[in-house]
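[1] Next come a sequence and a model predicted from it.
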Amino acid sequence: MAKKAISKEEWNARLAEVQVDRDDLNKLIMNYLIIEGYKDAAEKFSQESGAKPPVNLESIQNRMVVRTAIQRGHIEEAIERVNDLNPEILDTNPKLFFHLQQQRLIEFIREGRVMEALEFAQEELAPRGEENPEFLPELERTMSLLAFDLNGPSPVSDLLTPAQRQKLASELNSALLLSQSQEKDPKLPALLKMCQWAQQALDERCTYPKIKDFTKAELVMEPMGAAVGGGSQGSSSSAVAGA
Amino acid sequence: MTLTPHEVAVSQLATDQAVPLDRIKSLRFIKNNIIGNKTKKDLYIQLGIVSRLQDIISTKDDKDSQLKIQAVIVLGSFAFGNESNILALTNSGVVEPLLNCLNIVGDPKLIEAAARTLNAIYSSPKVSRQQLFMGNHLHVLVQLLDTFSNKHRPGQEIIQVHTAELVASILARCCETLEQQMQIADSGAIPLLMRLLASGVSKSQEAALGALAALVKDNPELAQVIAQMRLEKGERPAPFILRLVRDKSPTMRLAAATCLTYLNRAGVIPEHNSDIMLTVLPILVKMLQLTGSVQETAPQVLAHLIWESENMQKAVCDMEAIPKLASIISQMDEEDNVYGIVGQKDKLKENSLLALAAISQLKEDCRKQVIEAKVLSHIVSAMSHPSVGVRAAACQCTRSLSRSVKNLRTSLVDAGIENPLFQLLSDEDLGVLRSATATLCNIVLDVSPMKKTIMERGIVSKFVRMISYGDNVVRLNTVWAIKNLVFEAESDVKENVMRQFGYNNLVLLLNDSEPAVQEQALNLVRNLAHRREHDIEQVFKGLGNGQLLSIIEEKLSWDDPKLLEHALYVLVNIATGSEYHKQSILKRQGILRSVLRSMNHESPAIRVASIWVIINLTWPDDKVPDSVHECVTLLRSMGIEDRLLALNADHDLDVRDRVKTALQHFLADQQQYGHGNNSNNNNNNGVSSTTTRAMSTTTGMMSPDLTGSGNGRHSHMSSRHHNPQQPPQSNDPSASSSSGDAHGGSGGAGSAMDTTHIVTGRSGAGGGHDRR
């Protein structure tokens, strides 16, 4: 079946009919800044655009302090902060609490504090494993760090990477957001994913001026019959540097 | 001996020991130690920290709330431990000072912390709710729900919204009785909850749904009020909540589905029936495959939603819910074996069993699926589970399954249900006992091979203990079971049962405070005094001279139509007895007058029953023709024949049929003795000369109304007509042909007549609709 072709002029005319509310745009940007933790930017943006932040901006700051603490390996400090913000979170989320304690253990091992690591594992982690047997495999894996050379390659070396801290930081950030009735993911990446998916679906039926690079948002007309090249898959861009 | 840091921290909490700042520091140290850590919580409670905290939060000094806040947070963390922690707190009396912290002009952080701690404390059903309803507390709580008015301090919005969520959750947990529901409604909470519901803040919406669900649960009045309200944009709550059923968050979906379930059960949203079927049911079934608290609660909500609804049970069955539930249950048993940890997922097991019980409650197809899902062995082993809730739920399952004749004959026997069931009849828990006695009603049916063995185990002596148990439902189920046990039984079985049970106990039941129990006790008499003169004589003797008829005379004077009907059928049965039995009735003017009065009763069933009494009393008997004639004369003199003639024009066909038979007896008498009145009318009766039969009735079969909700009592009788004067009595086909389904079967005495042998006309078994 021949694909229908839509010219750039026709496409532009159609796009011109679509109304986008400025307020909506501002809200989307605000949403992104808040969830990703750009407190100062959100504050400035609020002043200049008049978009009201849906949450107290202090709460962003608090989340970011927690995130930074985790990324620096200061797990105890992060726990104390979370407990100050909402003491319910770690009492009602055994998995998250276990992951925090696990990270403390990892940090002990990283610093070569073996005796403390063993004592900590015995006193703090083993009981959690007894309460929730599904934690046991992860606990065993962490403990096996002690058996390997920390600087050499090992099957558990991933536990020592920054990504491990990053993962925990995100988990904690999500829990904090949820406790404040906020979505844990910003809306913009979801919109971009949706847009990409829509283009792919449309590719099967017609040729039209499409956006190949979202950062440029240029409409590019593909030659008839050319192979359809999808854009890079789902760039969720959720990794964010600490405050 | 050196103190541990924990002991040091506790000792520093004493008022005279440390400067406030050190105390706050100690509290923070303790807080960060115990949050998330059950072992440390236990440790600190053993160190006696609770009374220290109690002192701190009880001081009137409001200058610096930091100390109080930290103490309240620590208390809250203890409450997130386990139930014994919570009880350790409440036994020290922390609830009242915590409620006092909810001071609308106080520090919002303190209010939030206190609300959080109270909410955690009220998660235990064992904690008394009484204090919350005393004094001004409820009023203050409701004020805290109001996050909308402008009187609040800026910068505290998050805390205020969170506080309102906690308060809504507290209200949901303190809304268990009708009285509590009404008090909360009267306090003005509902409009504020509606605003929270429409606030768009997800946690607030979930909390509001929880509170609204608790308010409308089993409360049609409040359900109606809430269903008729309008949200801010003029929308009714139900369609709004229906959208939340499709929310991204599973907890929101569950909260919305729960609320709709209760509204639906209250019958206030009939316009959404198809939404419930097409949207809510599939969403609940899908939740079975999630994890955590949603998976745990969803089957319970599902069970509640489909209870007593054949359509919904069928629909859920078609959605493959049974294999899903079966795999949850069997997988859990395997995991228990692997980890050796019992008790973690009891609630999930209990709720999954409840859902299975609900799905298989009414439809034989669904029961078949349960059997085919190979989950029965797990159900039977769950009957001996350490958790009370699991035992009760498992028993509920066997109860649903035992409503199938096929299962009674095979699967349930093979699975070995009898042993654990017998054990459960001695269970200490009321819920278990209720389900177990209800299941028993079906197990002792004729069709069940377990009837014999369970009698040999001495079931009757258990009955005696059970009727003295102070619970109406257990007593009702017990009478029901005995009634089923002697249904169509041989004389020696009846005698054996009554020898062990004792006629004195029967008298107690006949005069029970609960009309439903009286009703079944009358049914029991009906089944005992059935079929054989000998059996009737046993009841006469057993109850003592004349007492049987005195009791019946008294019941006939009652206004309760069900009691009246059953009492009349006892007379019907007695009137098939010997000459002596008939005469005993005829000597009682009071009884005869009641029968006459009942012939004009508004209920056709009662008119039919009373005419049956007349038919059987006037039954032609060649051996004692004179006494039949005397009887006819007596009844005629009371105006019964006139009453019968008037009933010739009754709008009920069954009544007219019975009237014909009765008048035939009067006509026969007139033809033989030639001095009747109304002779001119008799020709119009159209009475054929075929012989009809006297009728004796029994009642039995299938399980009674189980539960204490007070709804859905079903009268329930099966009747049999036979002619004791005309041996030989042949088989009695109706006993085993009865429907396996406990429900269904219409009432009314059957009218099939047979000219040669025994006639059977079964009216079907009723009953069985029950609610948890």
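    Sure thing, it's come through.
[2] quick one: contacts for whichever residue of the stretch 201-350 of chain B sits closest to chain A?
    Nearest residue of the stretch 201-350 of chain B to chain A, counting by CB to the nearest CB: residue B:203, 4.1 Å away. For glycine as for every other residue, the C-beta is placed from the backbone atoms N, C-alpha and C. Going by CB atoms under 8 Å, 6 or more residues apart in numbering or on different chains, residue B:203 touches A:179-181, B:162, B:165.
[3] Apply 7 Å and report the result again.
    Counting by CB atoms under 7 Å, 6 or more residues apart in numbering or on different chains, residue B:203 makes contact with A:181, B:165.
[4] Could you do the one 3 residues further on as well?
    Counting by CB under 7 Å, 6+ apart, residue B:206 makes contact with B:251-252, B:255.
[5] how far away is it from residue B:168?
    Here the criterion is CB to CB, to the nearest Å. By it, residue B:206 lies 9 Å from residue B:168.
[6] Where does pLDDT dip in chain A?
    Within chain A, the segments meeting pLDDT under 70 span A:1, A:223-243.
[7] just the helices in it please.
    A:8-17, A:22-36, A:39-49, A:57-71, A:75-85, A:88-91, A:94-110, A:114-120, A:126-131, A:136-143, A:162-179, A:187-203 (DSSP state H).
[8] Phi and psi next, for residue B:306.
    When read as degrees, to the nearest 10, the backbone of residue B:306 gives phi -90, psi 0.
[9] wouldn't it be in contact with residue B:313 here?
    Yes. When contacts are counted by CB atoms under 7 Å, residue B:306 is listed as touching residue B:313 (5.0 Å).
[10] Now for these two: what residues contact both?
    Residues touching both residue B:306 and residue B:313 (CB under 7 Å, 6+ apart) are B:358-359.
[11] For the two, indicate the residue with more neighbours.
    Set side by side, residue B:306 and residue B:313 show more neighbours around residue B:306, with 27 against 23, by other CB atoms under 10 Å in any protein chain shown.
[12] give me the element the nearest residue to residue B:373 once chain neighbours are set aside is part of.
    Leaving aside its chain neighbours, residue B:373 sits nearest to residue B:326 (3.8 Å; criterion: CB to CB, 6 or more residues apart in numbering or on different chains). Applying DSSP states H and E as the criterion places residue B:326 in helix B:321-339.
[13] The helix or strand just after that helix close to chain A?
    Using DSSP H and E, the helix or strand that follows helix B:321-339 in sequence is helix B:346-359. No. Residues of helix B:346-359 are not located near chain A by CB under 7 Å from any CB of the partner chain, the shortest gap being 14.4 Å.
[14] Please state the offset of helix B:346-359 from the chain centre?
    Relative to the centre of its chain, helix B:346-359 is centred 16 Å away, using CA atoms, centre = their mean, to the nearest Å.
[15] Show me the shaky parts of the stretch 551-700 of chain B.
    Confidence mapping of the stretch 551-700 of chain B against pLDDT under 70 gives the ranges B:675-700.
[16] Do a quick rundown of the helices in it.
    Under the criterion DSSP state H, counting those that start in this stretch, the stretch 551-700 of chain B carries helices at the ranges B:561-574, B:579-586, B:589-598, B:604-617, B:625-637, B:640-647, B:653-673, B:679-682.
[17] buried set for the helix or strand containing residue B:366?
    In the assignment (DSSP H and E), residue B:366 maps to helix B:364-372. Residues B:364, B:366-371 are the ones in helix B:364-372 that count as buried (16 or more other CB atoms under 10 Å in any protein chain shown).
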